[in-house]
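In: coords below, sequence missing:
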Ligand code: SF4
């Protein structure tokens with residue numbers, strides 16, 4: 001598929017909008033009413049700390065809604081106001097946050113249903129309005145919606161589009177895109193759809209496996225089996241790993257993405273030498289600022305003298321999970337929750353999700369005595385949700 005031609009046709013169809021419908025002032029007002037919090041604003045002004053009784057809250061210096069998510073949510077609300085009567089769909093949850101998605105559902109903005117990862121577009125009718133989420137949609141989905149003559153409201157974050165441009169560049173220069181991401185994540189599915197030859201690696205360990213293969217230390221059958229769901233059609237590791245460029249899912253751990261980039265650069269340097277490096281490796285820079293800032297703030301937060309950490313964000317939110325990983329790596333007792341409802345004031349309990357595990361209930365999670373709790377939240381979490389969590393902690397410690 002000529003992805004550039006498809007995008008061009010959609011963008012010039014007269015039924016495509018990627019700017020929204022309202023002014024920045026109207027947009028800020030609408031979001032402020034729904035999601036901002038005076039408590040959080042005052043904590044920010046007080047150097048991100050708050051003390052009440054025996055409880056001290058230490059907020060990360062960067063947390064919560066990022067620019068891309070704010071814009072996507074605002075555009076979704078505007079779309080409903082602009083099309084008050086039309087049927088409105090989203091190809092996925094607009095962001096990974098239950099409270100935002102419930103709010104949109106109450107506005108009768110529907111999500112296209114999916115079974116076993118395959119979406120069913122049959123309910124989408126000619127002329128319906130369809131919102132593409134902040135992490136984008138595949139080019140095949142866009143093409144299908146274009147053919148149905150739907151009005152497409154594209155909230156794809158420009159940082160995500162930047163990754164798509166990167167893989168398009170790899171394709172144009174016949175480099176294989178090595179994508180650092182989760183092969184099933186919606187953003188990576190979209191990035192894959194714009195790439196030519198690609199291979200998705202989840203972490204540094206998988207990248208090292210691929211690097212070893214490039215250097216002649218691998219087993220072809222084992223490679224093909226290991227990555228069977230993570231490479232492009234017709235991918236041949238003996239042919240398609242000769243020229244590689246790196247791209248990433250924007251919400252992966254920044255330090256790991258950088259290490260993977262360096263690893264492949266060194267691998268190609270070793271194999272082909274410095275004179276030919278540029279023929280075999282394409283440098284990249286597609287790490288999103290917001291992800292980077294939140295991770296850096298988390299690294300500073302875990303250096304503080306904390307008794308515990310609460311990480312707030314959707315359980316399927318990649319950037320939130322990476323924040324939780326930082327807490328775990330630093331051996332700080334931490335609780336990942338998606339909504340304030342996971343905390344029971346009456347029972348002093350928290351229902352939380354440890355990494356790679358199901359939800360578990362921890363009773364008496366707030367101990368007696370002085371307590372410092374670090375708090376951060378993923379890029380899809382509104383301030384109001386963070387404030388509600390803090391208010392519950394205050395009630396338990398009072
Ligand atoms: S986390 Fe980064 S890429 Fe994702 S929506 Fe926010 S700004 Fe965009």
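Out: Thanks, I have it. All values derive from a computational prediction rather than experimental measurement.
In: what about residue 21, how many residues close to it?
Out: Residue 21 has 16 neighbouring residues, counting by other Cβ atoms under 10 Å. For every residue, glycine as well, the C-beta is placed using N, CA and C.
In: ok, now residue 14?
Out: By other Cβ under 10 Å, 8 other residues sit near residue 14.
In: how about it, secondary structure?
Out: Look at residue 14: counting by DSSP: H, G, I helix; E, B strand; the rest coil, its state is coil.
In: who's in contact with it?
Out: Contacts for residue 14 (Cβ atoms under 8 Å, 6 or more residues apart in numbering) come out as none.
In: what residues does the stretch 251-398 of the chain put near the ligand?
Out: Contacts of the stretch 251-398 of the chain with the ligand, taken as Cβ under 6 Å from any ligand atom, map to 251, 288, 290, 291, 319, 379.
In: ok, now with 8 Å
Out: Residues of the stretch 251-398 of the chain lying close to the ligand by Cβ under 8 Å from any ligand atom are 251, 288, 289, 290, 291, 319, 379.
In: Could you pull up the contacting residues of the first one?
Out: When contacts are counted by Cβ under 8 Å, 6+ apart, residue 251 is found next to 187, 288, 291, 317, 318, 319, 322, 379.
In: Now rank these by neighbours and give me the top one.
Out: Among the contacts of residue 251, the one with the most neighbours (other Cβ under 10 Å) is residue 379, at 31 neighbours.
In: Where does the chain get nearest to the ligand, residue-wise?
Out: Closest residue of the chain to the ligand, Cβ to the nearest ligand atom: residue 68 (2.5 Å).
In: isn't that residue right next to residue 319, touching?
Out: No: contact criterion Cβ atoms under 8 Å: residue 68 and residue 319 do not qualify, at 10.8 Å.
In: anything in contact with each of those two?
Out: Common contacts of residue 68 and residue 319 (Cβ under 8 Å, 6+ apart): residue 379.
In: Which residue ranges of the stretch 201-350 of the chain form helices?
Out: 204-214, 220-226, 254-272, 277-280, 289-301, 318-329 (DSSP state H, counting those that start in this stretch).
In: circling back: got the phi/psi numbers for the residue of the chain closest to the ligand?
Out: Note on residue 68: backbone dihedrals following degrees, to the nearest 10 are phi -70, psi -40.
In: do residue 131 as well
Out: Backbone geometry at residue 131, expressed as degrees, to the nearest 10, gives phi -100, psi 130.
In: Spit out the contact partners of it.
Out: Residue 131 is in contact with 75, 76, 79, 88, 89, 90, 91, 94, 109, 153, 155, counting by Cβ under 8 Å, 6+ apart.
In: Keep only those of those that are in helices.
Out: Residues of the contacts of residue 131 located in helices (DSSP state H): 75, 76, 79.
In: What pLDDT is listed against the spatially closest residue to the second one that is not a sequence neighbour?
Out: Yep, that's residue 76 we're talking about. With sequence-adjacent residues excluded and distances taken as Cβ to Cβ, 6 or more residues apart in numbering, residue 76 is closest to residue 94, at 5.1 Å. On pLDDT, residue 94 comes in at 85.
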